[in-house]
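**Q** model the structure of this input:
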Amino acid sequence: MKHLALILFLLIIPTIGKACSCLNLSPTEQIENAATIYAARATKAELVRFSSLTVKTTFEVLETFKGDTKKTETIVSGGGCRMEYIVGRDYLVLTDKNDDLSTLFGTLNYTTFCIAS
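**A** So this is what the prediction gives:
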């Protein structure tokens with residue numbers, strides 16, 4: 001039932017924007033292709049490389065919907081496809097088998113984010 005509610009939520013919310021459009025996958029395709037899907041709260045963000053604006057963000061995993069996760073997960077993003085995570089905000093995170101990343105914001109915003117393979 002939890003998975004059905006998650007899928008319905010993702011299908012009915014409108015797309016507000018795309019941060020880096022490389023694959024243009026629909027929410028359904030993102031869910032099908034994801035190795036892990038989890039709700040998480042951003043707890044720490046730090047700039048690790050100024051030249052490419054690479055940021056490392058640590059998340060507290062609140063609930064896992066698909067795959068295996070640890071209590072905390074770390075995402076490194078940078079360059080033109082960098083996501084700006086806000087500490088204290090909750091996110092729905094999808095990763096593929098290579099830990100490439102899609103992020104669907106929860107209640108406030110919705111966006112898709114893809115990393116070129």
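**Q** tell me where this protein has helices.
**A** Counting by DSSP state H, one finds helices in the chain at the ranges 2-12, 27-33.
**Q** which of those helices has the lowest mean pLDDT?
**A** Here the helices of the chain differ in mean pLDDT, and the lowest is helix 2-12 at a mean of 54.
**Q** so where's the protein uncertain?
**A** Within the chain, the stretches falling below the threshold (pLDDT under 70) are 1-24, 50-52, 78-82, 97-117.
**Q** please repeat the previous calculation with a cut-off of 80.
**A** By pLDDT under 80, the weakly predicted segments of the chain are 1-27, 30, 48-54, 76-84, 95-117.
**Q** which residues of it fall in strands?
**A** Under the criterion DSSP state E, the chain carries strands at the ranges 17-20, 36-49, 54-66, 72-77, 90-95, 101-105, 111-113.
**Q** closest one to Ser26 among those strands?
**A** Closest of these to Ser26 is strand 111-113, at 8.9 Å (criterion: C-beta to C-beta). C-beta: built from backbone N, CA, C; applies to glycine.
**Q** beta partners of the residue nearest to Thr74 when sequence neighbours are not counted?
**A** Closest residue to Thr74 in three dimensions, ignoring its sequence neighbours and counting by C-beta to C-beta, 6 or more residues apart in numbering: Thr58, at 5.2 Å. Under DSSP bridges, the beta-bridge partners of Thr58 are Lys44, Thr74.
**Q** ok, Thr58 touching Ala40?
**A** No. Contact between Thr58 and Ala40 fails when scored by C-beta atoms under 8 Å: they sit 9.4 Å apart.
**Q** overlap in contacts, the two.
**A** Each of Glu73 lies in contact with both Thr58 and Ala40 under the rule C-beta atoms under 8 Å, 6 or more residues apart in numbering.
**Q** the more surrounded of those two?
**A** Ala40 (25 against 17; other C-beta atoms under 10 Å).
**Q** for the more buried one, give me its contacts.
**A** With contact set as C-beta under 8 Å, 6+ apart, Ala40 has these partners: Phe59, Glu60, Val61, Leu62, Glu73, Asp90, Tyr91, Leu92, Val93.
**Q** all set, thanks.
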